[in-house]
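Undergrad: I would like to see how this sequence folds:
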Amino acid sequence: GYGYTVASLYCLGFVSGAFTSPFIGPIVDHKVGRRNAALIYCILEVIINILEQYSYISGLILSRVVGGITTNLLFTVFESWMVTEHRKRGFSEEKLEIIMRDSVVASNLSAIASGCMAHMLAARLGPCGPFEGAVACTIVALILVATRWEENFGHQSGEAADGVPG
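TA: Predicted structure coming up:
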């Protein structure tokens, strides 16, 4: 082929993430908002998973660069939104610890189920099947975030760093 390996394309995603990570948090917290950033994440993930279904090297490179950015969003926006909402609504810190613990278990179980689902989709629909499944799941997430989440931002003046009014 193209002179690229799958490993080098994925490495490109991690390099992109490393270069963009110092900027993502402050932009999300102070300009974009966490709900909007989650919506952006979902939209970008749909685009990435569509691009990765085709064997055009430019699309694959673009999808990995954008994938580095979405990885940063994935590992910051959703959890930050939940912690801020939890505290804003006055729930106990003990409940937050339970939610965080259970979310790790749920995430691991979800990863296992996703792997099984990807295998079934690949067997039934071919190599693009897992990407098509990812698009469908991400659209469901997009709808849930758009209809169920309220916007929240990072530290505002008059608030403590944890998002609770001071």
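Undergrad: distance of Y54 relative to L60?
TA: 8 Å (CB to CB, to the nearest Å). Where you see a C-beta, it was placed from the backbone N, CA and C, and this is true even at glycine.
Undergrad: comparing the two, which residue is more hemmed in?
TA: Neighbours were counted for Y54 and for L60 using other CB atoms under 10 Å; L60 has more, 19 against 13.
Undergrad: confidence score at the nearest residue to the more buried one once chain neighbours are set aside?
TA: Excluding the flanking residues, the one nearest L60 by CB to CB, 6 or more residues apart in numbering is L9, at 5.7 Å. The score at L9 is 86. That number is its pLDDT.
Undergrad: what do you get for the one 4 residues further on?
TA: pLDDT recorded at G13 is 92.
Undergrad: list the contacts of the residue most central in space within the chain.
TA: The residue lying closest to the centre of the chain (CA atoms, centre = their mean) is L74, at 2.6 Å. Taking CB atoms under 8 Å, 6 or more residues apart in numbering as the contact definition, L74 lies against Y41.
Undergrad: please enumerate the strands of the protein.
TA: For the chain, strands defined by DSSP state E do not occur.
Undergrad: longest single helix anywhere in it?
TA: helix 93-125 (DSSP state H).
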